[in-house]
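>>> Just need the structure, nothing else, for what follows:
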Amino acid sequence: MSALAIEYHKGGLFLPRLGLWLDPHEPRPGAVFVSHAHSDHIARHREVILSPPTARLLRLRLGGERREHVLPYGEAREFRPGAVPFRLTLLPAGHILGSAMAFIEAGNESLLYTGDFKLRPGLAAEPCELRTADILVMETTFGRSRYVFPPEATVWREVAQFCRAAMDDGVTPVLLAYSLGKSQEVLCGLADEGFEFVLHEQTHRITRLYQEMGRRFASCHKFEGQPVGERVVLWPPGALRTKLLTATRGLRCAIISGWALDSSCRYRFGVDAAFPISDHADYPGLLEAVQRVTPRKVWTVHGYAAEFADVLRRQGCDALALSEPDQLTLALGA
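Reported below is the predicted structural model:
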């Protein structure tokens, strides 16, 4: 049995011989690698391995006590929670601030676990750094060929035009974006447009922590029920907008999401416009990652895991989906 044998359990990955969990959704005993601080990647574990920004964001979002192994990018550290010792190095994933990939070495083999990642340069996250490995475990959120994102500079100009048009029509532009990661990208993407921003309380709290860690943003204030005036509002997609309505002259809402490439996105979120900005790799980015890592084995997880694994097999890769039943194809004919 390989030292780097891997199993899928309820959204998390487990390397049984190492005694190491990768991004489990539920609290787990032993060592747990936390790739970043989005809510679907954190839980109340007792012992975690993570980057310095993720440690600070986790304390803000989750609180509680835990044993933390805080690793700077590029610094290898040895661990032995299971039967086989291993070395673990964190590499920037390009997803949000502090997001990390885990490069694991054990038993003369290496494994790169991407977590959520993005190869395209982000505005509020560290640039992604891939490394060659024997085994690649990669997220495939946008693992279908139709998911090719347009140049972000073009999209930011369109977002700015949307905001100005709303103000010219006497209504308040509201950009719906996740409070951690996406909202800070919005602030950076519109930094040169001269807008002032009003932030949801949760978004404001996280943005202040970003600022404490050295990031700089356009003028922004916490929403406290005051009249918004001619400012752009940043609001989480799932937060109620009732209080916001009482402080505005009317709302015009847009969602900032990679899913904006789907024609149904506007109707799903109940908005006036949708703009395709994502903190995940698109389809060409996923293919490029495989080419750069040059693994002998690829495991895919999340999103279109089975479909993307099938694409890789057709290109000659040894690839299988971990997070769902695989779509094995049979060659027909003589």
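>>> and residue 263, how many neighbours?
Other residues near residue 263 come to 8 when the count uses other Cβ atoms under 10 Å. In this view, the C-beta of every residue, glycine as well, is placed from N, C-alpha and C.
>>> For it, give its distance to residue 276.
From residue 263 over to residue 276 the distance is 12 Å, taken as Cβ to Cβ, to the nearest Å.
>>> and stretch 204-216, C-alpha only, in CSV?
Extracted C-alpha coordinates of stretch 204-216, given in CSV (Å, rounded to 0.1, in the frame of the first residue of the first chain):
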residue,chain,number,x,y,z
HIS,A,204,-16.3,45.0,6.7
ARG,A,205,-14.9,42.9,9.5
ILE,A,206,-13.0,40.6,7.1
THR,A,207,-11.8,43.6,5.0
ARG,A,208,-10.3,45.2,8.2
LEU,A,209,-8.4,42.1,8.9
TYR,A,210,-7.0,42.1,5.3
GLN,A,211,-5.9,45.7,5.9
GLU,A,212,-4.2,44.6,9.1
MET,A,213,-2.3,42.1,7.0
GLY,A,214,-1.0,44.8,4.7
ARG,A,215,-3.7,45.0,1.9
ARG,A,216,-4.9,48.4,0.8
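>>> Report the spatially nearest residue to residue 57, omitting neighbours in sequence.
residue 37 (3.7 Å; Cβ to Cβ, 6 or more residues apart in numbering).
>>> can you pull out the strands in the stretch 201-334 of the chain?
Here the stretch 201-334 of the chain has its strands, by DSSP state E, counting those that start in this stretch, at 220-222, 232-235, 251-256, 273-275, 297-303, 319-321.
>>> Out of these, which gets nearest to residue 18?
Evaluated over the strands of the stretch 201-334 of the chain, closeness to residue 18 peaks at strand 297-303, with 15.2 Å, by Cβ to Cβ.
>>> which strands and helices sit next to that closest one?
strand 135-140, helix 305-314, strand 319-321 (3 or more Cβ pairs under 8 Å, 6 or more residues apart in numbering; DSSP states H and E).
>>> For these, give me TSV that also has mean neighbour count and mean pLDDT.
TSV is the format used below for these (neighbours: other Cβ atoms under 10 Å; pLDDT from 0 to 100):
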stretch	mean neighbour count	mean pLDDT
strand 135-140	26	98
helix 305-314	21	97
strand 319-321	21	96
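>>> and of the ones you listed, who's closest to residue 101?
strand 135-140 (9.3 Å).
>>> Run through the neighbouring helices and strands of the helix or strand just after the closest one.
Scanning forward in sequence from strand 135-140, with DSSP states H and E defining helices and strands, the next element found is helix 152-168. In this structure, helix 152-168 packs against strand 172-176, helix 182-189, strand 251-256, strand 273-275, with contacts taken as 3+ Cβ pairs under 8 Å, 6+ apart.
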